[in-house]
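Visitor: Can you look at this prediction? I've put the sequence above it.
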Amino acid sequence: MNTCHFCGGELKEQLTTFLYEDDGQFWLVRNVPAFVCAQCGEKEFSRATTKQVLTLLRQPPRPVEILHVPAYDMALS
Ligand SMILES: [Zn+2]
């Protein structure tokens, strides 16, 4: 897993934010290790990491913060 499968750019391992959506509900998990493309910014998570995040979200601990974020719609702009 060394090159981006979108643009061929170099992937670097770093901590990032994992955003998970299920049926209109969102969960955000910070400091998740990912391989991030230096060129296009695409994030790739390993199978093991994805499994860990999904396990965490199955029985989520108390959130560290509740966020209110602006939402946009490309079909309306
Ligand atoms: Zn890329």
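Guide: Nice, thanks for sending it over.
Visitor: Can you tell me the number of residues neighbouring residue 4?
Guide: Other residues within reach of residue 4, judged by other Cβ atoms under 10 Å, total 20. Using the backbone N, CA and C atoms, a C-beta is placed for each residue, glycine as well.
Visitor: For residue 65, see how far away the closest residue to it other than its chain neighbours is.
Guide: Excluding the flanking residues, the one nearest residue 4 by Cβ to Cβ, 6 or more residues apart in numbering is residue 37, at 3.8 Å. With distances taken as Cβ to Cβ, to the nearest Å, residue 37 is found 27 Å from residue 65.
Visitor: The two: which has the busier surroundings?
Guide: Using other Cβ under 10 Å as the criterion, residue 37 and residue 65 rank with residue 37 on top: 19 against 6.
Visitor: what sits opposite that one in the beta ladder?
Guide: residue 11 (DSSP bridges).
Visitor: Near the ion, which residues of this protein? Just list them.
Guide: By Cβ under 5 Å from the ion, the residues of the chain that approach the ion are 4, 6, 7, 9, 37, 39, 40, 42.
Visitor: can we see that at 8 Å?
Guide: Applying Cβ under 8 Å from the ion, one finds that the chain approaches the ion through 4-9, 11, 37-42.
Visitor: Now list the buried members of those.
Guide: Neighbour counting with 16 or more other Cβ atoms under 10 Å marks 4, 9, 11, 37 as buried within those.
Visitor: what's the distance between the residue most central in space within the chain and the ion?
Guide: Centroid check for the chain by Cα atoms, centre = their mean gives residue 18 as the closest residue, at 2.5 Å. Using Cβ to the ion, to the nearest Å, we find residue 18 at a distance of 18 Å from the ion.
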